[in-house]
Structure formats: C-alpha cells, structure tokens
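Engineer: take a look and give me a structure for this.
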Amino acid sequence: QVQVVESGGGFVQAGGSLRLSCAASGRAFNAYTMGWFRQAPGKEREFVGAINWSGSSTLYADSVKGRFTISRDDAKNTVYLQMNNLKPEDTAVYFCAAAGRYNNLPDYARAFNYWGQGTQVTVSS
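Structural biologist: The predicted structure is shown next:
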C-alpha cells in the first residue's frame, strides 16, 4: 500500500509555469505506475498523464501534450508534474494517484488504487 500527498499548487498567470510534486510513502514506490488527474468545478475528473514504474514510458492527455512533463525520482519517492505555458482552462484541482504495474499505461481513474487529496491550480487570463 502507498500513501500520496500532492504539493506545489498555486495561482499563476496564463503562460506561466508550476511544478507539482507528489510524495509517496509506503513500500516499493518503484513498483507503482503513477498518474496525474485533474478536476475542474462542475466537471468530471480527467486524466492528465502517467508514468510507468521505471520512468521509461509516459502518456499524456492531448490537452497537455507538449506543455506538461511527468518525471519521477525513486530515491525521493516523488513524482513531478512540470506544467509550462499554462492556460486558464488548466485551472483545476490536481490529483496524484498510484497503480500497480501495467504493460500499457492506463488513462482512466479506476485503474489507480491510491489517491491524494489534491492541490489547487488556478491560472488567470
């Protein structure tokens, strides 16, 4: 089992950058697929991106591809979401999640077993 806690959210102007962190505790962090999701007010939770257990493979939603980058540092039990060129439509609560190993990275919430409480990202126009 793993527990995850997000940090790094905040308020930024359009075109700016933020880096979210997700610190994990528990056993065998490097065995987990890690994902990021977001949920805007009145909308469904949506997939942002995921990274496999070794960090060798990533998957992104089309809406963030080329602007967001996921990375992981297993020595620190931490996964990051670097967000560049932020847009007002990126405003949401961002969630970190952990899942078991997958041959193909999942892009759906029910694949992930462990979730953080979320961190707010607000992008002003």
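
Engineer: shaky segments in the chain?
Structural biologist: For the chain, no stretch is flagged by pLDDT under 70.

Engineer: which residue sits closest to the residue nearest the centre of it, ignoring its sequence neighbours?
Structural biologist: Nearest to the geometric centre of the chain sits Trp36, at 2.3 Å (CA atoms, centre = their mean). Spatially, and ignoring its direct neighbours in sequence, Trp36 is nearest to Val48 (4.1 Å; CB to CB, 6 or more residues apart in numbering). All C-beta atoms are positioned from the backbone trio N, CA, C, and that covers glycine.

Engineer: what do you get for Gly55?
Structural biologist: Spatially, and ignoring its direct neighbours in sequence, Gly55 is nearest to Arg72 (5.0 Å; CB to CB, 6+ apart).

Engineer: show me what the helix or strand harbouring that neighbour pairs with in its sheet, parallel or antiparallel.
Structural biologist: Using DSSP states H and E, Arg72 sits in strand 68-73. Using DSSP bridges, the strands paired with strand 68-73 are strand 78-83 (antiparallel).

Engineer: now do the buried residues in the strand it pairs with.
Structural biologist: 78-81, 83 (16 or more other CB atoms under 10 Å).

Engineer: again with stretch 24-31
Structural biologist: Buried, per 16+ other CB under 10 Å, within stretch 24-31: 24, 29.

Engineer: give me the beta-bridge partners of Val5?
Structural biologist: Ala23.

Engineer: same thing with Ser71?
Structural biologist: Applying DSSP bridges, one finds that Ser71 bridges with Tyr80.

Engineer: surely it meets Asn52?
Structural biologist: No: counting by CB atoms under 8 Å, Ser71 sits too far from Asn52 to count as a contact (11.8 Å).
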